[in-house]
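A.B. asks: Any chance you can model this:
(2 chains)
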Protein chains: 2
Amino acid sequence: MIKLNRLSSTDSQFEASLNALLAFESTQDEAVTETVTRILADVRKGGDDALLDYTRRFDQLEIAVIADIELPKSEWQQSLQRLQAAEREALEQAAERIRIYHEKQLAQSWQYTEPDGTVLGQKITALDRVGLYVPGGKASYPSSVLMNAIPAKVAGVKELIMVVPTPRGERNDLVLAAAAISGVDRIFTIGGAQAIGALAYGTKLIPKVDKIVGPGNAYVATAKRMVFGQVGIDMVAGPSEILVICDGNTDPDWIAMDLFSQAEHDEQAQSILLCPHSDFLDAVAASIARQLDTMPRKEVIRASLESRGALIKVRDLAEACTIANRIAPEHLELSVDQPEQWLDKLKHAGAIFMGHHTCEALGDYCAGPNHVLPTSGTARFSSPLGVYDFQKRTSLIQVSPQGATTLGTIAATLARGEGLQAHALSAEFRCK
Amino acid sequence: MIKLNRLSSTDSQFEASLNALLAFESTQDEAVTETVTRILADVRKGGDDALLDYTRRFDQLEIAVIADIELPKSEWQQSLQRLQAAEREALEQAAERIRIYHEKQLAQSWQYTEPDGTVLGQKITALDRVGLYVPGGKASYPSSVLMNAIPAKVAGVKELIMVVPTPRGERNDLVLAAAAISGVDRIFTIGGAQAIGALAYGTKLIPKVDKIVGPGNAYVATAKRMVFGQVGIDMVAGPSEILVICDGNTDPDWIAMDLFSQAEHDEQAQSILLCPHSDFLDAVAASIARQLDTMPRKEVIRASLESRGALIKVRDLAEACTIANRIAPEHLELSVDQPEQWLDKLKHAGAIFMGHHTCEALGDYCAGPNHVLPTSGTARFSSPLGVYDFQKRTSLIQVSPQGATTLGTIAATLARGEGLQAHALSAEFRCK
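C.D. replies: Predicted coordinates for the structure are as follows:
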């Protein structure tokens, strides 16, 4: 038995119920913050010694000297060789599709010349060096290596440094193979806040990076927040979510499994279905009840669906789109006939999966677009991870002697209005 | 008399001296954090009442009802009318140039179709609603209104809400005129952490926004950091900096004034000059000493130059470029003949001002590119404020029935490798 939340948009309490369902406050644990503060300070001060010490202690890793935490490329190649043919092929095909999609995101420098000879432009440069955090243990996902590493290499990042903890020496062949396939340059077997500190401040062995990306537990996320400014970071993700809009014409078993696929991540994951037909919602509920017991991760799925999931009856698909914009979901499945007709109405979502045949899982692994997406409504103002996160812009201004007179007069007037005399004179010195 | 720091790249202690000069740690004041935490909680809970209370208290503003904190458009128009012709013209010309430059940053949606009918794409949407913080008092800069507001409106932001404190009712005509010119939609006369809270959480009167941009004092910056996640924010800026590379062929008075123009902002601002010729450095030092007394803000300039400025002799211009990349300055003035020949060597800078006639002040006001730039070395991984900060991307995936079979097989293989059974089945259900 599973107890599903059923809502209807015509309920008088609907708005409040939806808000309650969506409410999620990421709490900052003070104990975590204290521990991370200490670890970062130790690594900053103690460098490789501190890093070695923490790695021995937290990962029970037996290493003689610090240099041993680097995993030579030959070992990742061996991991790749060890894969079954089907796995290797799947990984390589996924990588290729991700590369092709992300190449379309590459920005190019541009400039233009004004009639008086003044040149203005925008120069695009890749980041020099990027750190990629990969969790160890059960949350260690090869797909996540592809999704983080490939955009960085497409952007032109020269040195991509991966860190992955190997507790008691346990390595994940799929993860190492993914690194080999996606162009990672170096791998260090370190993790936790100490790995983030090493990447942010640099040690004798670990080069200081310009940006750190990749998922991690509370210690890693807290460490990333703390080193932000010193280095760039990607967004700190909340629990994963899917919002499915269905017109009732998809097989209810497919939709039930799509909801499961989000719920199986963890108990705080959120799966919501919107449909105008209550009989279809009943059919999905029945399918959920029927299929649940067959799932290896049924307890996680049950906890997630009961606490954070919902089947919601809406007036029509237009209302479903309005609700979707209010939620701004990470994943939006538009499981309807002619999904393209609703696109203009949909303003906020990390990724939209269109049509009955497009389940989120295809996008999670191999369709091409990135699976690192804005969570918890942040799609209102942010974007999927992309090549643009590994490129930066520099403005170019080259004013001609004639332009210096025209622009200098404007600048001096405005500078005096702001009480900045040196600004005004600096411009006026260049006026003819 | 002014005591300037003089360094040479051939000094044995050069690296250490440079590091000491650049070191700047932004400290988080605990008292500020506590105050801001309380204000944000009050505004979140108390809404307009709390906002009114804080505004009366902190800004000594006499307002009868909360609705009076909105400044009707007619009043900004009057501010615009009141300007002197030269000021109005300068403001309008600057706005027009900024608009033209930023229009080139507009991103367009794209999509492509694969041979089996699968469609992949990237949809661009503007943010719905943006808040623009404008400081009151002496740091209230009309140019800053233009630089923040115009990119947002070019991006297509529908509602741009400006907040600006008016202590004791004091308004700045230039700031309000800049808002009128640059397409701001509504203005509220509130400031401080309470204004940030109102924008982030919304009150009955103040609409909740999706992102908050604009400069502010320590309370505002702390509040922005705290509401991040709830809304997007721009970068929290450190002190402003300029790095000038000069070949010795620019008038030393011009270069001295360029260094002043950065130093006059505040005592923590940083002005550094790199030149291969020590006689030119001497000439600039002499010019600084001679011109300093004529500057209205000479005490600020002196304090800034003595504590954080430096004249540095380098071996040659190539070494100057290497040092520039290490510093990753906010503003880089390349005051040399044929500046374009050095561009390939320069990787990290917010903006590059090229040639003897291009001083930073032109870019601060009216050249076209944005004056909100990454500070404190963050140009290694971040970009000037731009239209891209007000647009976001959504991935589009529409897999054809045939594509669902090909991609489903890959996805299922990888999902099983990660132990995610529901992901695998969700994909396989759609395989033929």
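
A.B. asks: Which positions in the stretch 51-200 of chain A make contact with chain B?
C.D. replies: Counting by C-beta under 8 Å from any C-beta of the partner chain, the stretch 51-200 of chain A comes close to chain B at A:86-87, A:90-91, A:93-94, A:101, A:104-105, A:110, A:112, A:118-120, A:122-123, A:125, A:127-128, A:138, A:141-143, A:174. For the C-beta atoms, the positions are set from N, CA and C on the backbone; glycine is no exception.

A.B. asks: Cross the residues you listed against helices and list the overlap.
C.D. replies: Applying DSSP state H to these, the entries found in helices are A:86-87, A:90-91, A:93-94, A:101, A:142-143, A:174.

A.B. asks: quick revisit: ok, of the residues of the stretch 51-200 of chain A next to chain B, which come out buried?
C.D. replies: Among these, the ones that count as buried by 16 or more other C-beta atoms under 10 Å in any protein chain shown are A:87, A:90-91, A:93-94, A:101, A:104-105, A:118-120, A:122-123, A:125, A:127-128, A:141-143, A:174.

A.B. asks: Can you report how many residues lie near residue A:329?
C.D. replies: Look at residue A:329: counted by other C-beta atoms under 10 Å in any protein chain shown, it has 29 neighbours.

A.B. asks: What helix or strand is it located in?
C.D. replies: Under the criterion DSSP states H and E, no helix or strand holds residue A:329.

A.B. asks: Identify the spatial nearest neighbour of it, chain neighbours not counted.
C.D. replies: residue A:243 (3.8 Å; C-beta to C-beta, 6 or more residues apart in numbering or on different chains).

A.B. asks: Then residue A:252?
C.D. replies: Nearest one to residue A:252, counting by C-beta to C-beta, 6+ apart, is residue A:283 at 4.0 Å.

A.B. asks: go on, residue A:278?
C.D. replies: residue A:313 (5.2 Å).

A.B. asks: for the one you found, phi and psi?
C.D. replies: When read as degrees, to the nearest 10, the backbone of residue A:313 gives phi -80, psi 130.

A.B. asks: Check residue A:7 too.
C.D. replies: phi -130, psi 160.

A.B. asks: Mind telling me what element the closest residue to it other than its chain neighbours is part of?
C.D. replies: Leaving out its chain neighbours, the residue that sits closest to residue A:7 by C-beta to C-beta, 6+ apart is residue A:312, at 4.6 Å. Secondary structure from DSSP H and E places residue A:312 in strand A:310-313.

A.B. asks: In a strand, residue A:243, correct?
C.D. replies: Yes - looking at residue A:243 with DSSP: H, G, I helix; E, B strand; the rest coil, it is inside a strand.

A.B. asks: what's across from it in the sheet?
C.D. replies: When bridges are called by DSSP bridges, residue A:243 pairs up with residue A:272, residue A:332.

A.B. asks: from the chain's centre, how far out does stretch A:288-302 sit?
C.D. replies: 27 Å (C-alpha atoms, centre = their mean, to the nearest Å).

A.B. asks: Next: stretch A:228-243.
C.D. replies: On C-alpha atoms, centre = their mean, the centre of stretch A:228-243 falls 6 Å from the chain's centre.

A.B. asks: What of stretch A:32-50?
C.D. replies: That offset, for stretch A:32-50, works out to 26 Å (C-alpha atoms, centre = their mean).

A.B. asks: buried set for that stretch?
C.D. replies: Neighbour-count burial for stretch A:32-50, counted by 16+ other C-beta under 10 Å, picks out A:32-33, A:35-36, A:39-40, A:42-44, A:46-48, A:50.

A.B. asks: List the contacts of it.
C.D. replies: A:51, A:53-54, A:66, A:192-194, A:196-198, A:200-201, A:203-206, A:218-219, A:222-223, A:226-227 (C-beta atoms under 8 Å, 6 or more residues apart in numbering or on different chains).

A.B. asks: Got a quick ChimeraX command for the buried subset of those residues?
C.D. replies: ChimeraX command restricting those to the buried ones, with burial defined by 16+ other C-beta under 10 Å:
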select /A:51,54,66,192,193,194,196,197,198,200,201,203,205,206,218,219,222,223,226,227
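
A.B. asks: Which of the contacts of stretch A:32-50 fall in helices?
C.D. replies: A:51, A:53-54, A:192-194, A:196-198, A:200-201, A:218-219, A:222-223, A:226-227.

A.B. asks: rewinding a little: in contact with the residue nearest to residue A:7, which residues?
C.D. replies: With C-beta under 8 Å, 6+ apart, residue A:312 has these contacts: A:6-9, A:18, A:272-275, A:281, A:323.

A.B. asks: Can you tell me how far it is from residue A:9?
C.D. replies: Distance, residue A:312 to residue A:9, by C-beta to C-beta, to the nearest Å: 7 Å.

A.B. asks: One more: residue A:190?
C.D. replies: Distance from residue A:190 to residue A:9, by C-beta to C-beta: 49 Å.

A.B. asks: could I get stretch A:238-249 in PDB with only the CA atoms?
C.D. replies: In PDB, the C-alpha atoms belonging to stretch A:238-249 read as follows (Å, rounded to 0.1, in the frame of the first residue of the first chain):
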ATOM      1  CA  GLY A 238      18.700  20.900  -3.800                       C
ATOM      2  CA  PRO A 239      16.700  17.600  -4.100                       C
ATOM      3  CA  SER A 240      15.900  16.500  -7.600                       C
ATOM      4  CA  GLU A 241      12.400  17.100  -9.000                       C
ATOM      5  CA  ILE A 242      10.200  16.100 -11.900                       C
ATOM      6  CA  LEU A 243       6.900  17.700 -13.000                       C
ATOM      7  CA  VAL A 244       5.000  15.700 -15.500                       C
ATOM      8  CA  ILE A 245       2.200  17.300 -17.500                       C
ATOM      9  CA  CYS A 246       0.100  14.600 -19.200                       C
ATOM     10  CA  ASP A 247      -2.900  14.900 -21.500                       C
ATOM     11  CA  GLY A 248      -4.000  11.400 -20.500                       C
ATOM     12  CA  ASN A 249      -2.800   9.800 -23.800                       C
END
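
A.B. asks: What residues of that stretch count as buried?
C.D. replies: Using 16+ other C-beta under 10 Å as the test for burial, stretch A:238-249 gives A:238-248.

A.B. asks: tell me which of these is nearest to chain B?
C.D. replies: Nearest to chain B among the buried residues of stretch A:238-249: residue A:238, at 8.4 Å, using C-beta to the nearest C-beta.

A.B. asks: helix or strand for that closest one, which one?
C.D. replies: With DSSP H and E as the test, residue A:238 turns up in no helix or strand.

A.B. asks: so residue A:191 touches residue A:135, yeah?
C.D. replies: Yes - in this structure, residue A:191 is within contact of residue A:135 by C-beta atoms under 8 Å, at 7.2 Å.

A.B. asks: Determine if any part of stretch A:412-422 is in contact with chain B.
C.D. replies: Yes - Stretch A:412-422 lies within reach of chain B by C-beta under 8 Å from any C-beta, at A:412-415, A:417-422.
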